[in-house]
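Peer 1: Coordinates only, no sequence provided:
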Ligand SMILES: [Fe+2]
């Protein structure tokens, strides 16, 4: 059950309204990485969750995100409010806010696109959902950081700093929850990946670019348990079977493309 208390989670103060900035704030109100998306994603995942501890976590954070929605919505409203006094200049600048919205917030992003449940990542598999949530918090964090960098108003910056900080708190909690539900992060649900294929790295982008782009190495293609297949299409490399049983993987091709390490130039 939900209960509304007539206080904001963070006290919002705006020195000078800036409708243009208010419009940008809508990205965190009704946008893809905004607070409504976070609130709905975690709450619906919580309804689906059979793990009591993680269900509690998802409902806690999902509900907190609703409080964030209220904070960022109030903040955006304060910045947009001058649009309520209609004149041809303000109305022409943003007809959606000024004429359709009367200087208020609606569940749209900064470009006026309506919020959609398509933003939500809900799989019904706890560890997969937790990974989505970690990514969602990281995206929300960077959007808040960019908004902070575009803003001069002290009170607005403080509210955004609070909201940005809570994203990191949630990011950490979801990472800890993921650690608590899985010992091996490469094990996802039940069907195991096919041996050998799973340890192959296909070097499909090769050569040097005009801007200096080149083949590089990293842990993903430069360690003992990884087999690098260089230019698989050019060497007629083909996988003909992927039966998930040890020793059953068949590989076709002339083999010229296979090597333990990339043959091309490396950058450390
Ligand atoms: Fe949030």
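Peer 2: That came in fine, so what should we check first? In this text, all values refer to a predicted model and were calculated from it rather than measured experimentally.

Peer 1: In contact with the closest residue to the ion within the chain, which residues?
Peer 2: Proximity of the chain to the ion (C-beta to the ion) peaks at residue 68, 3.7 Å away. In short, each C-beta sits where N, CA and C put it, glycine included. Residue 68 makes contact with 9, 35, 38, 39, 163, 166 under the criterion C-beta atoms under 8 Å, 6 or more residues apart in numbering.

Peer 1: Pick out the most distant pair among the residues you listed.
Peer 2: Farthest apart among the contacts of residue 68 by C-beta to C-beta are 9 and 38. That separation is 13.8 Å.

Peer 1: Quick check: which element contains the residue of the chain closest to the ion?
Peer 2: Using DSSP states H and E, residue 68 falls within helix 52-80.

Peer 1: who's more crowded, residue 9 and residue 38?
Peer 2: Remark: of residue 9 and residue 38, residue 38 carries more neighbours, 27 against 16, as counted by other C-beta atoms under 10 Å.

Peer 1: quick one, phi/psi of the more buried one?
Peer 2: phi -60, psi -50 (degrees, to the nearest 10).

Peer 1: cool, and residue 228?
Peer 2: phi -90, psi 130.

Peer 1: unless I'm mixing things up, it is touching residue 206, no?
Peer 2: No - Residue 228 is beyond contact range of residue 206, at 11.4 Å (criterion: C-beta atoms under 8 Å).

Peer 1: Compare the two (neighbour count), which wins?
Peer 2: residue 228 (19 against 13).

Peer 1: how much space is there between that one and residue 200?
Peer 2: 8 Å (C-beta to C-beta, to the nearest Å).

Peer 1: so where do the helices sit in this protein?
Peer 2: 19-25, 27-30, 35-48, 52-80, 88-93, 95, 126-149, 154-181 (DSSP state H).

Peer 1: Show me which parts of the last one are buried, residue by residue.
Peer 2: For helix 154-181, the neighbour count (16 or more other C-beta atoms under 10 Å) marks 155-156, 159-160, 162-164, 166-167, 170-171, 173-174, 177-178 as buried.

Peer 1: so how many other residues sit close to residue 94?
Peer 2: 19.

Peer 1: Report pLDDT for it.
Peer 2: Listed pLDDT for residue 94 reads 85.

Peer 1: residues contacting it?
Peer 2: Here residue 94 is in contact with 19, 23, 83 (C-beta under 8 Å, 6+ apart).

Peer 1: Could you find the closest non-adjacent residue to residue 155?
Peer 2: Using C-beta to C-beta, 6 or more residues apart in numbering and skipping the chain neighbours, the partner closest in space to residue 155 is residue 13 (3.4 Å).

Peer 1: Go ahead and confirm the one you found touches residue 75.
Peer 2: No - judged on C-beta under 8 Å, residue 13 makes no contact with residue 75 at a distance of 9.4 Å.

Peer 1: So for those two, which sits in the more crowded spot?
Peer 2: residue 75 (28 against 13).

Peer 1: Run through the residues that contact the residue nearest to residue 155.
Peer 2: 155, 158, 159.

Peer 1: Same check on residue 204?
Peer 2: 231, 232, 233 are the contacts of residue 204 under C-beta under 8 Å, 6+ apart.

Peer 1: ok, those residues vs residue 141, which is closest?
Peer 2: For those, the nearest to residue 141 is residue 232 (36.8 Å; C-beta to C-beta).

Peer 1: Quick one: neighbours of the closest one, just the number.
Peer 2: 18.

Peer 1: Just the pLDDT for the closest residue to it other than its chain neighbours.
Peer 2: Closest residue in space to residue 232, ignoring its immediate chain neighbours: residue 202 at 5.1 Å, by C-beta to C-beta, 6+ apart. With respect to pLDDT, residue 202 has a value of 96.

Peer 1: Touching, residue 202 and residue 235? I think so.
Peer 2: No - if you go by C-beta under 8 Å, residue 202 and residue 235 don't touch, sitting 10.8 Å apart.
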